[in-house]
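Asks: Show me how the following folds:
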Amino acid sequence: MIVDGQLNKGQLKELRQALRQLDFPPKKRQRLLWRLAKYGVINAAARHVRQQQTPDGTAWAKRKGRRRGKMLRNLPKLLHIREMPETESVRIYLQGGGYRNGANPVPAGVVGYGQQRGMSVSVKGRQAQKGKSDTTRLATRRQAKKLRALGYRVKQGTRWRKPAYSEIEGVMRFDQAGLLIKKLSGKAAKAAWTIDVPARPFLGMSDEEFNKALARQLQAIGFGWNVNAQDIKG
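Replies: Numbering: from 1, shown residues only. Presented below is the predicted three-dimensional model:
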């Protein structure tokens, strides 16, 4: 039985004891493992994302930027199960999502691993600039406000004037606005920087979640009809 990152040692021990006591045939054993993965681990992951907290109930670290809204909303949808009857196990993995780093695709598993455990990524200015290949994206309202605050003007006949927000947003590209803001503010472009992603664990179950999931799935496959979650000690 292979379990990596989904059940803790105590939960794994409890599951093995349940399997031994009930003397499951191989097909029933495999069915229970699949149902625990599907309706236990994956359902718990979706619940943790909805609640924006770790399996033990600790709130995730907030975003540092201005962005709001729930984090990791799509990750639980990318969780899949692979049957591994030859080793009496199942594997939960991430696939899909269409994640990219500039022009390069990034596997969903890499994204999930980084969010689950946290990571630090070193980025070079040339790499970031290379990834900005969308020349159709226009300047944002925030950029327009910043440009006007920095004294940006356009020539109209023989006079110079401050363009309206809508004018900047309608004709200037996003990357051009960013470059102008850097020049007008006198800030030199960084050659490299580090992005720290705090750990936001979403995979895993608390002992209470595990006990309930195990009791429910034992009942669902026709065993343990009289088993209650409180009778299972994780």
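
Asks: Quick check: Arg153 touching Ile168?
Replies: No. Contact criterion CB atoms under 8 Å: Arg153 and Ile168 do not qualify, at 11.2 Å. C-beta here means a position set from N, CA and C on the backbone, and glycine is covered the same way.

Asks: who has more neighbours, these two?
Replies: Ile168 (24 against 12; other CB atoms under 10 Å).

Asks: quick one: the more buried one and Gly69, what's the gap?
Replies: 26 Å (CB to CB, to the nearest Å).

Asks: helices or strands next to whichever strand or helix holds Asn211 in the packing?
Replies: Using DSSP states H and E, Asn211 sits within helix 207-220. The contact analysis (3 or more CB pairs under 8 Å, 6 or more residues apart in numbering; DSSP states H and E) places helix 207-220 against helix 9-22, helix 26-35, helix 43-51.

Asks: so can I have JSON lines of the ones you listed showing distance to Arg159?
Replies: Formatted as JSON lines, those follow (distance: least, CB to CB, whole Å):
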{"stretch": "helix 9-22", "distance to Arg159": "73"}
{"stretch": "helix 26-35", "distance to Arg159": "73"}
{"stretch": "helix 43-51", "distance to Arg159": "54"}
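
Asks: Can you mark which positions in the helix holding Asn211 are buried?
Replies: Buried residues in helix 207-220, defined by neighbour count with 16 or more other CB atoms under 10 Å: 207, 209-218.

Asks: With only the CA atoms kept, save it in PDB.
Replies: Extracted C-alpha coordinates of helix 207-220, given in PDB (Å, rounded to 0.1, in the frame of the first residue of the first chain):
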ATOM      1  CA  ASP A 207      -8.200  12.500  12.100                       C
ATOM      2  CA  GLU A 208     -11.900  13.500  12.400                       C
ATOM      3  CA  GLU A 209     -12.200  13.700   8.600                       C
ATOM      4  CA  PHE A 210     -10.500  10.400   8.200                       C
ATOM      5  CA  ASN A 211     -12.600   8.600  10.700                       C
ATOM      6  CA  LYS A 212     -15.800   9.800   9.100                       C
ATOM      7  CA  ALA A 213     -14.600   8.900   5.600                       C
ATOM      8  CA  LEU A 214     -13.500   5.400   6.600                       C
ATOM      9  CA  ALA A 215     -16.800   4.700   8.400                       C
ATOM     10  CA  ARG A 216     -18.800   6.000   5.400                       C
ATOM     11  CA  GLN A 217     -16.900   4.000   2.800                       C
ATOM     12  CA  LEU A 218     -17.000   0.800   4.900                       C
ATOM     13  CA  GLN A 219     -20.800   1.200   5.000                       C
ATOM     14  CA  ALA A 220     -20.900   2.100   1.300                       C
END
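
Asks: before we move on, the earlier item: in JSON lines, list the helices and strands packed on helix 207-220 along with mean neighbour count.
Replies: Below are the helices and strands packed on helix 207-220 laid out as JSON lines (neighbours: other CB atoms under 10 Å):
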{"stretch": "helix 9-22", "mean neighbour count": "15"}
{"stretch": "helix 26-35", "mean neighbour count": "17"}
{"stretch": "helix 43-51", "mean neighbour count": "18"}
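
Asks: Lowest mean pLDDT across these, which one is that?
Replies: For the helices and strands packed on helix 207-220, mean pLDDT drops lowest on helix 9-22, to a mean of 72.

Asks: Give me the angle between it and helix 207-220.
Replies: For helix 9-22 against helix 207-220, the angle by axes from the mean of the first three to the mean of the last three CA atoms, to 10 degrees is 20 degrees.

Asks: counting contacts, what elements does the helix or strand containing Gln116 pack onto?
Replies: If you go by DSSP H and E, Gln116 is part of helix 108-117. On a contact count with 3+ CB pairs under 8 Å, 6+ apart, helix 108-117 meets strand 89-94.
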